[in-house]
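Trainee: Here is my input; please provide its structure:
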Amino acid sequence: MSTDNKSSLGEGLSNVVKEAKRLKKVREKGYREKALKMYPWVCGRCGREFSGKNLRMLTVHHRDHNHDHNPPDGSNWELLCLYCHDNEHSRYIEEAEYGNPTGNESQDTGGTHQPFADLAEMLKKTQNGKN
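Mentor: Model prediction:
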């Protein structure tokens, strides 16, 4: 293979990688903006709140680990801070590579923050106070 063919192959591969990265950013921007509008700016694992400058540290996690599965209702998304998101993916990779060390079925830990947990009770109190 000549040097010209090698350099054009390298350039072609470089262009493919650049285009893939560009498309990924476009795709991420769409679902990230939607998720930030839908959910409170709180990490679903540790409960840390985000706003302003540190909002960039809040990421969108795909529960099924498929970044192309982006239902409009956001049911496959969860907002996680960078640290919890990294931990979630590490656990997923570890389980895929080594299996579940406890031998138990994998359990979905889900988010721990439930912003509307007491909403019904609060509404009842408000309604009782106005009547």
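Trainee: Past the helix ranked longest in the chain, which element shows up next along the chain?
Mentor: Taking DSSP state H as the assignment, the helix of the chain that covers the most residues is helix 3-38. Sequence-wise, the next helix or strand downstream of helix 3-38 (DSSP states H and E) is strand 58-62.
Trainee: Put the alpha carbons of the helix or strand containing Arg91 into PDB.
Mentor: Arg91 is part of helix 82-98 when elements are defined by DSSP H and E. As requested, the backbone C-alpha atoms of helix 82-98 are provided in PDB (Å, rounded to 0.1, in the frame of the first residue of the first chain):
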ATOM      1  CA  LEU A  82     -21.000  13.200  37.100                       C
ATOM      2  CA  TYR A  83     -19.800  11.100  40.000                       C
ATOM      3  CA  CYS A  84     -23.000   9.000  40.400                       C
ATOM      4  CA  HIS A  85     -23.200   8.600  36.600                       C
ATOM      5  CA  ASP A  86     -19.600   7.400  36.400                       C
ATOM      6  CA  ASN A  87     -20.400   5.000  39.300                       C
ATOM      7  CA  GLU A  88     -23.500   3.700  37.500                       C
ATOM      8  CA  HIS A  89     -21.600   2.900  34.300                       C
ATOM      9  CA  SER A  90     -18.700   1.300  36.200                       C
ATOM     10  CA  ARG A  91     -21.100  -1.000  38.000                       C
ATOM     11  CA  TYR A  92     -22.800  -1.800  34.700                       C
ATOM     12  CA  ILE A  93     -19.500  -2.700  33.000                       C
ATOM     13  CA  GLU A  94     -18.400  -4.700  36.000                       C
ATOM     14  CA  GLU A  95     -21.600  -6.700  36.100                       C
ATOM     15  CA  ALA A  96     -21.400  -7.300  32.300                       C
ATOM     16  CA  GLU A  97     -17.800  -8.400  32.500                       C
ATOM     17  CA  TYR A  98     -17.800 -10.400  35.800                       C
END
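Trainee: who does it touch, helix- and strand-wise?
Mentor: In terms of contacts (3 or more Cβ pairs under 8 Å, 6 or more residues apart in numbering; DSSP states H and E), helix 82-98 is packed against strand 58-62. All C-beta spots, glycine's among them, are computed from the backbone N, C-alpha and C.
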